[in-house]
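> I'll drop the sequence and a predicted model, then ask my questions.
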Amino acid sequence: MDSHDLMGLRDDVYRRSLKTALDRIDLLAGSKCADVGAGAGDISFELAHWVGETGRVYAIDIDPMRRNAIADKAAKFTQVVAITQAAEELALPEPVDLAFCRFLLVGVVDPALAIAGMAKIVKPGGWIVAQEPVTSSGRVGHHPLKVDTEAIRHPDVGLDLVALMRGAGLEVVDTWAEAPCGFGESDVVSYLEQMTEAEVDDGDTVLLPPLLCAVAKKAG
């Protein structure tokens, strides 16, 4: 696919990691995808742009309120189907070409079950893409980021992606990391302040947790 403007994620400070992944697997129009742990649905709607009207995107989240919010937004995207399911208990009416997650495994009880569930819903020869943080590497100036231990069960799960995917019988074909940084009134600082209670001084450089990205293929 040609270079694509990430329409739904212009303000997403991790946006380049998604584009890199979709280019890596050559996601085509008409493909079927699952966005597991869809949250507000931004990635689901971006995937909808990539697969077009002939494709399908299952936006999956355990929170029924989020599912309803996505369903409301999906009026303009007939190819987006919002579903309430736990990542460890995935079941779809059809196999998909791509199962994607970002910032999902940090919060689930058992990341291995979640990856196994994603592998189960992908058709033979299909793709699993996971993008998860290494939270302990984030910094505000020289100070580590404070982590909400109740919401984040596995803060450095990004480092486990290769082992988790191989444990699910998948072939890992690529990995890389992206670590946005910024200062002052940059998008990176705004993102950190919105997502955490961190206080950032004008002179501080913010290094967000590196997002480790892994691309794996299911045997055909």
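Now that the structure is in, tell me what you want to look at.
> only C-alpha atoms for contact and neighbour calcs from this point on.
Will do.
> which phi and psi does Val96 have?
Reported as degrees, to the nearest 10, the phi and psi values for Val96 are phi -120, psi 160.
> Enumerate every residue touching it.
When contacts are counted by C-alpha atoms under 8 Å, 6 or more residues apart in numbering, Val96 is found next to Ser31, Lys32, Cys33, Ala34, Ile121, Val122, Lys123, Gly126.
> buried stuff in the longest strand seen in the chain?
As assigned by DSSP state E, the longest strand anywhere in the chain is strand 122-133. By 16 or more other C-alpha atoms under 10 Å, the buried positions in strand 122-133 come out as Val122, Lys123, Gly126, Trp127, Ile128, Val129, Ala130, Gln131, Glu132, Pro133.
> Pick out the most distant pair among those residues.
When C-alpha to C-alpha is used, the two most widely separated members of the buried residues of strand 122-133 are Lys123 and Pro133, lying 26.6 Å apart.
> List phi and psi for the residue most central in space within the chain.
Within the chain, the residue whose C-alpha comes closest to the C-alpha centroid is Arg102; the distance, by C-alpha atoms, centre = their mean, is 1.9 Å. Recorded main-chain torsions at Arg102 are phi -140, psi 130, according to degrees, to the nearest 10.
> ok, and the closest non-adjacent residue to it?
The shortest distance from Arg102 to any residue that is not its chain neighbour, by C-alpha to C-alpha, 6 or more residues apart in numbering, is 4.6 Å, and that residue is Gln131.
> next one: Pro180
Closest to Pro180 by C-alpha to C-alpha, 6+ apart is Leu208, at 5.6 Å.
> Spit out the contact partners of that neighbour.
Shown here is Leu208, whose contacts under the criterion C-alpha under 8 Å, 6+ apart are Ser137, Gly138, Arg139, Ala179, Pro180, Cys181, Val188, Leu192.
> tally of neighbours for the fifth one?
For Pro180, the number of neighbouring residues by other C-alpha atoms under 10 Å comes to 19.
> just the helices in this structure please.
Along the chain, the stretches classed as helices by DSSP state H are 15-25, 42-51, 64-73, 111-121, 161-167, 187-195.
> wait, which of these is closest to Ala216?
Proximity to Ala216, assessed across the helices of the chain by C-alpha to C-alpha, is greatest for helix 161-167 (7.0 Å).
> so where's this structure uncertain?
1-11, 147-149 (pLDDT under 70).
> could you redo the last one with a cut-off of 50?
By pLDDT under 50, the weakly predicted segments of the chain are 1-11.
> Ile83 and Leu90, how far apart?
When distances are taken as C-alpha to C-alpha, to the nearest Å, Ile83 and Leu90 turn out to be 10 Å apart.
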